[in-house]
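>>> What would the 3D arrangement of this be:
(one chain, ligands or ions: 1)
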Amino acid sequence: MKLTTKDAKNLLKEFSKNPQNKEWITHSICVGNCAYKIAKELGINANKARVLGYIHDIGKGIEGEEDHIVKGYVYIKSLGYDSEYANICLTHSYLNHDVNCTLGGIPNNIPYRTNFIKHHKYSIYEKVINICDLMCGTRPMTLEKRIIDIVTRRGLYPNSQYQIKEAFKLKKQIDKMLGYDLYELFPHIK
Ligand SMILES: [Fe+2]
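Next comes the predicted model:
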């Protein structure tokens with residue numbers, strides 16, 4: 001089943017009843033709106049990109065022991081939506097097909113997740129969400145600023161330099177697809 005913009009907004013609206021969810025919801029809307037802008041320029045389905053941005057962190061609103069990535073994936077699947085919507089919950093934090101290519105520390109080894117990320121072929125939508133997640137706090141900013149923001153809050157780890165290098169490689173890929181610097185789309189962040 002397809003997840004529409006209306007569905008995504010309704011899901012966020014439901015979670016917004018809990019004030020603790022305010023920050024990640026504002027961030028998710030930022031990611032969705034940035035993804036919409038980039039997708040439009042790339043000539044891909046901008047509405048789909050926005051929906052994926054809106055729901056990528058939805059696991060943060062779900063109680064439970066597992067991390068938000070797994071909780072979001074299981075939740076979107078349980079609602080009967082197509083795999084591509086559930087997958088974004090898994091893929092958005094990892095670059096280079098590697099669960100260790102992430103900020104905020106070395107993740108626990110969850111074999112299902114490690115194998116999924118290793119073998120999954122990232123779609124253009126997933127790459128756009130990866131870059132937007134790295135460009136959005138509660139508002140858009142440059143990768144440089146966002147990465148400093150994350151490492152200031154969560155610390156530097158043995159895998160941080162690896163992730164940062166891959167983040168800039170991804171930006172270069174997106175710049176190339178656009179034919180110009182991605183930041184041109186967000187002149188106020190430069
Ligand atoms: Fe996020």
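>>> near the ion, which residues of the protein show up?
Residues of the chain that fall close to the ion, judged by C-beta under 5 Å from the ion: 57, 133. Quick note: C-beta positions are derived from backbone N, CA and C, even for glycine.
>>> Mind naming the longest helix for the chain?
In the chain, taking DSSP state H as the definition, the longest helix is helix 22-42.
>>> Beyond it, next helix or strand please.
Using DSSP states H and E, the helix or strand that follows helix 22-42 in sequence is helix 46-55.
>>> Could you check the angle that following helix makes with helix 22-42?
160 degrees (axes from the mean of the first three to the mean of the last three C-alpha atoms, to 10 degrees).
>>> Other residues contacting whichever helix or strand comes after helix 46-55?
Next helix or strand after helix 46-55 toward the C-terminus (DSSP H and E): helix 68-78. Helix 68-78 has contacts (C-beta atoms under 8 Å, 6 or more residues apart in numbering) with 3, 55-60, 62, 64, 66, 83, 85-87, 89-90, 92-93, 110, 113.
>>> hmm, 6 Å instead?
For helix 68-78, the surrounding residues in contact (C-beta atoms under 6 Å, 6 or more residues apart in numbering) are 58-60, 62, 64, 85-86, 89-90, 93.
>>> Among those, which one lies nearest to Ala46?
Tyr85 (15.9 Å; C-beta to C-beta).
>>> How far off centre is whichever strand or helix holds the closest one?
Secondary structure from DSSP H and E places Tyr85 in helix 83-91. Computed by C-alpha atoms, centre = their mean, to the nearest Å, the separation of helix 83-91 from the middle of its chain amounts to 10 Å.
>>> Packing partners of it?
When contacts are defined as 3 or more C-beta pairs under 6 Å, 6 or more residues apart in numbering; DSSP states H and E, helix 83-91 packs onto helix 68-78.
>>> If you count neighbours, what's buried in the helix it packs on?
68-76 (16 or more other C-beta atoms under 10 Å).
>>> With stretch 105-112 instead?
Within stretch 105-112, the residues scored as buried using 16+ other C-beta under 10 Å are Pro107.
>>> mind checking the end-to-end distance for that stretch?
One end of stretch 105-112 sits 19 Å from the other (C-alpha to C-alpha, to the nearest Å).
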